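In: Take a look and give me a structure for this.
(one chain, ligands or ions: 2)
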Amino acid sequence: MIKSEYGAWVGEFVAERERRAALGDPDWEKGARLPAEIVRSIQKFQVGEDGDGSALSGKADLAGDPVYSDAVRLFIAEEQNHARMLKLLLAAGGAETLDGHWSDAAFVRIRRLLGLRVELLVLMIAEVVALGYYQALRDGADDPLTAEVAGRILADEERHVPFHCLRLREGLAGLPRPARRAVTAGWRGLLAGAAGLVAVDHGPALRTLGVGRGAFVAQTLRSSAWMARAMSGGPVPAPTGAGAGAGAGV
Ligand SMILES: [Fe+2]
Ligand SMILES: [Fe+2]
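Out: Ligands and ions are numbered 1, 2, ... in the order given. I've put the predicted structure just below:
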């Protein structure tokens, strides 16, 4: 069994939780200067972070590996912490959160119908788009508090991707090779579509951050090449705390 690999992930998530507790929160009191287009953009991502994982833990339990279930719960806690930090960032900039974005409600409803493998493939699309978004926010925001929050979230997302790749590699391992290739090629096609939708929806914010729409989509697709290889049987980076991997490589 590959339980021990998830054991390393549980260790990584727990170590990160302790590191986070020792570090404490960003200094919300210093406030944030958020242009209107950045507020609108962060509000939508805040809703998405809040929804992450709600459909996942039950399916993880059904997979029958309690170590994996533990790791998934720790992963979900990180996503909820992202939603919490984005809410506080918005508040520091004098902005509210949204009650719920229609696209997110639809996303959650669809995900409830899926099995664990497809659920993870869908979740991975959100994770990879998020990687590009938080990188743009960290590197392009003028506001120091925004850059700090984006940097913290980005570091978590970079760990989430190899964690999901590991489970997906196991989940796809029973398929013949051409079928695995078709799944990962289809996944990258859907990723390109999702990145395109986000690039249009968040275009004004991305422009403020210095990232063009086309560049956002191209970078998202480029970053996904190693993930597709990992899912279809290639190497998956180990948790960095375990000493074997060098991070997500994006
Ligand atoms: Fe997240
Ligand atoms: Fe994530």
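In: Around ligand 1, pick out the residues from this protein.
Out: By C-beta under 5 Å from the ion, the residues of the chain that approach ligand 1 are Glu49, Glu79, His82. C-beta here means a position set from N, CA and C on the backbone, and glycine is covered the same way.
In: Columns pLDDT on top of the residues you listed, output as TSV?
Out: Written out in TSV, the entries for the residues of the chain next to ligand 1 read as follows (pLDDT from 0 to 100):
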residue	pLDDT
Glu49	90
Glu79	95
His82	97
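In: of all the residues you listed, which comes closest to ligand 2?
Out: Proximity to ligand 2 was ranked across the residues of the chain next to ligand 1 by C-beta to the ion; first place goes to Glu79, at 5.5 Å.
In: if I look at Asn62, how far off is Trp226?
Out: I think there's a mix-up here, since residue 62 is Leu and not Asn. When C-beta to C-beta, to the nearest Å is applied, the distance between Leu62 and Trp226 equals 29 Å.
In: Have a look at the two and say which one is more surrounded.
Out: Neighbours of Leu62 and Trp226, each counted by other C-beta atoms under 10 Å, are more numerous for Trp226; the result is 19 against 10.
In: hang on, the more buried one packs against Gly234?
Out: Yes: under the criterion of C-beta atoms under 8 Å, Trp226 is in contact with Gly234, at a separation of 7.4 Å.
In: so how far is Leu137 from Val236?
Out: The span separating Val236 from Leu137 equals 26 Å under the rule C-beta to C-beta.
In: Name the helix or strand for whichever residue of the chain sits closest to ligand 1, please.
Out: Here the residue of the chain nearest ligand 1 is His82; by C-beta to the ion that distance is 3.9 Å. When elements are defined using DSSP states H and E, His82 is found to belong to helix 66-92.
In: how about that helix: buried residues?
Out: By 16 or more other C-beta atoms under 10 Å, the buried positions in helix 66-92 come out as 67-76, 78-79, 81-83, 85-90, 92.
In: again, but for stretch 50-68
Out: For stretch 50-68, the buried set under the neighbour-count rule, 16+ other C-beta under 10 Å, comprises Asp50, Gly51, Asp52, Gly53, Ala55, Leu56, Lys59, Ala60, Ala63, Asp65, Val67, Tyr68.
In: for this protein, where's the lowest mean pLDDT among helices and strands?
Out: Per-element confidence for the chain was summarised using mean pLDDT, DSSP states H and E. The lowest value among helices and strands belongs to helix 102-112, with a mean of 71.
In: ok, and what's touching that one?
Out: The contact list for helix 102-112, computed with C-beta atoms under 8 Å, 6 or more residues apart in numbering, reads Lys44, Val47, Gly48, Gly51, Ser54, Ala55, Glu119, Val122, Leu123, Ala126.
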